[in-house]
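> my questions concern the predicted model and sequence given below.
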Amino acid sequence: MRLICVGDAMIDVVVKYQGEIQFNSDTPSIISIRRGGAAANTSVWAARLGINSVFVGRVGDDATGKSFTSELKNNSVRFEDIETKGSSTGTVVVLVDESGERTMFPSRGANSHLTISDFPDIEFDALYLSGYSLFDKESSDSALMILEKVKRLNKLIFLDPASTGLMRGYDRERLLKDIDGVDFLLLNEEEAQFLSQRDSIEEMLDFLLRYSFCTVIKRGRNGASAKIRNGSITSVNARSVEVVDTTGAGDAFAAGFIAGWLTSGEIENALQSGCKVAAECVANIGARPSVIA
């Protein structure tokens with residue numbers, strides 16, 4: 001099975017601070033620099049799970065961009081010419097509190113240069129699209145063209161809006177129109193509530209199934225719930241692990257869910273797979289698998 005992941009490539013500057021932030025002063029922290037980006041993270045986790053994984057996105061022609069492509073290669077993720085001359089690789093500062101929850105400050109850099117011509121002319125089975133590319137006004141049109149192209153090819157589409165904050169700055173009705181017809185819509189609970197304007201999990205799922213064949217709501221410590229059109233709700237529990245950092249948990253879940261669905265075609269198996277990979281992610285600092293550098 002071949003999965004094409006379209007979206008962002010970021011360098012994550014992860015700041016795990018202790019206690020409360022001391023504004024205008026010093027706050028003791030543990031700082032690490034990792035490679036990230038929702039689509040890139042998903043591509044690496046998917047490859048780790050044995051999926052033939054392809055990343056489509058943009059990095060700068062800088063040292064961090066070269067480091068980024070080197071890690072993709074080391075993790076068996078295929079990519080083509082993704083360096084953008086004269087541009088810097090996207091960077092995000094991630095503040096992580098003592099509970100593992102995070103707040104992000106992104107600078108998209110080369111990610112804004114995504115074009116329809118970046119999409120490879122190869123055989124594939126499914127597309128994963130990160131919402132970050134949709135919400136960036138510079139890359140939005142290209143992301144939509146890729147989405148429409150894959151619809152015409154009748155391939156599976158997994159779409160993750162990825163950010164409630166960015167969704168709020170995007171016209172909600174326009175977004176519903178953009179996502180209409182995708183096969184799988186993957187959201188966290190806050191994103192699902194905003195997009196559906198509903199309160200209960202069942203109501204959120206039923207509303208969003210107007211636009212997708214299957215809607216999946218990632219619920220953090222409460223696991224995940226999903227429903228297929230004309231089906232019943234399936235829910236699974238989260239794995240019990242000590243949470244160190246939630247950065248990239250949704251991306252890891254997406255990779256696990258997609259791999260589970262592509263290999264079994266069963267919703268419960270896909271949800272269990274998603275929760276298993278997400279648990280591995282949150283037990284470590286950073287958004288990627290920790291074994292292969």
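The structure has been received and is ready for your questions.
> ok, so what distance separates Ala47 from Glu98?
Distance, Ala47 to Glu98, using Cβ to Cβ, to the nearest Å: 32 Å. In short, each C-beta sits where N, CA and C put it, glycine included.
> higher neighbour count, the two?
Ala47 (24 against 10; other Cβ atoms under 10 Å).
> next up, the contacts around the more buried one.
Residues near Ala47 by Cβ atoms under 8 Å, 6 or more residues apart in numbering: Ser53, Asn75, Ser76, Val77.
> list phi and psi for it.
Torsion angles at Ala47 (phi, psi; degrees, to the nearest 10) stand at phi -60, psi -40.
> what of Gln18?
phi -110, psi 130.
> contact partners for the closest residue to it other than its chain neighbours?
Excluding the flanking residues, the one nearest Gln18 by Cβ to Cβ, 6 or more residues apart in numbering is Pro28, at 4.8 Å. By Cβ under 8 Å, 6+ apart, the contact set of Pro28 is Tyr17, Gln18, Gly19.
> only the buried subset of those residues, as a ChimeraX command please.
In ChimeraX syntax, the buried subset of the contacts of Pro28 is picked out as below (16 or more other Cβ atoms under 10 Å):
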select :17
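> switch the contacts of Pro28 over to TSV; also include pLDDT and distance to Ser67.
Listed next are the contacts of Pro28 as TSV, based on pLDDT from 0 to 100; distance: Cβ to Cβ, whole Å:
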residue	pLDDT	distance to Ser67
Tyr17	92	25
Gln18	88	28
Gly19	88	32
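> nearest to Ala224, of the contacts of Pro28?
Set against Ala224, the nearest of the contacts of Pro28 by Cβ to Cβ is Tyr17 (28.7 Å).
> hang on, the earlier thing: farthest pair in the contacts of Ala47?
Between any two of the contacts of Ala47, the greatest separation by Cβ to Cβ is 8.3 Å, found for Ser53 and Asn75.
> so what sits against both of those two?
Common neighbours of Ser53 and Asn75, using Cβ under 8 Å, 6+ apart, are Val44, Ala47.
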